[in-house]
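A.B. asks: only geometry, no sequence info:
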């Protein structure tokens with residue numbers, strides 16, 4: 001099976017939430033789910049001071065759906081929503 005690059009968008013409950021704390025916890029959940037150690041993160045301005053946390057990570061496509069991971073991350077304190085916005089096969 002091939003590896004895929006997953007882009008996950010995490011929205012905080014309000015602009016005052018510390019995204020760095022959510023990032024640390026979300027990365028732990030990703031490691032538990034797919035044993036990935038390859039991450040890239042990006043803070044994306046949304047509107048009115050609200051920012052989204054985008055996490056890019058690599059996983060084996062044989063893992064299947066990320067729904068369970070999304071549900072787990074959505075339980076982190078301060079997280080409003082979690083959405084996988086992109087999945088692409090890794091090249092190389």
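C.D. replies: Perfect, thanks for sending it. Everything numeric in this text was worked out from a predicted model, so none of it was measured.
A.B. asks: okay, CA-based contacts and neighbour counts for the rest of this
C.D. replies: Fine.
A.B. asks: shaky segments in the protein?
C.D. replies: Along the chain, segments meeting pLDDT under 70 span 92.
A.B. asks: Please repeat the previous calculation with a cut-off of 50.
C.D. replies: Counting by pLDDT under 50, not a single residue of the chain qualifies.
A.B. asks: now the strands for this structure?
C.D. replies: Taking DSSP state E as the criterion, the chain carries its strands at 3-12, 39-47, 50-60, 79-89.
A.B. asks: Other residues contacting the third one?
C.D. replies: In other words, strand 50-60. With C-alpha atoms under 8 Å, 6 or more residues apart in numbering as the test, strand 50-60 has contacts from 1-12, 14-15, 19, 23, 34-46, 90.
A.B. asks: let's go with 6 Å and repeat that
C.D. replies: With C-alpha atoms under 6 Å, 6 or more residues apart in numbering as the test, strand 50-60 has contacts from 3-11, 15, 34, 36, 38-45.
A.B. asks: One more: the second one?
C.D. replies: Contacting residues not belonging to strand 39-47 are listed as 51, 52, 53, 54, 55, 56, 57 [C-alpha under 6 Å, 6+ apart].
A.B. asks: Looking at these, spot the one nearest residue 75.
C.D. replies: Among those, residue 53 lies closest to residue 75 (C-alpha to C-alpha), at 15.3 Å.
A.B. asks: Okay, and the beta partners of that closest one?
C.D. replies: Applying DSSP bridges to residue 53 gives these bridge partners: residue 10, residue 43.
A.B. asks: Minimum distance to residue 67: which of the strands of the chain has it?
C.D. replies: Among the strands of the chain, strand 79-89 comes nearest to residue 67, with 8.8 Å by C-alpha to C-alpha.
A.B. asks: Mean neighbour count and distance to residue 29 added to the strands of the chain, as CSV?
C.D. replies: Shown next, in CSV, are those (neighbours: other C-alpha atoms under 10 Å; distance: least, C-alpha to C-alpha, whole Å):
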stretch, mean neighbour count, distance to residue 29
strand 3-12, 21, 12
strand 39-47, 12, 12
strand 50-60, 19, 12
strand 79-89, 15, 13
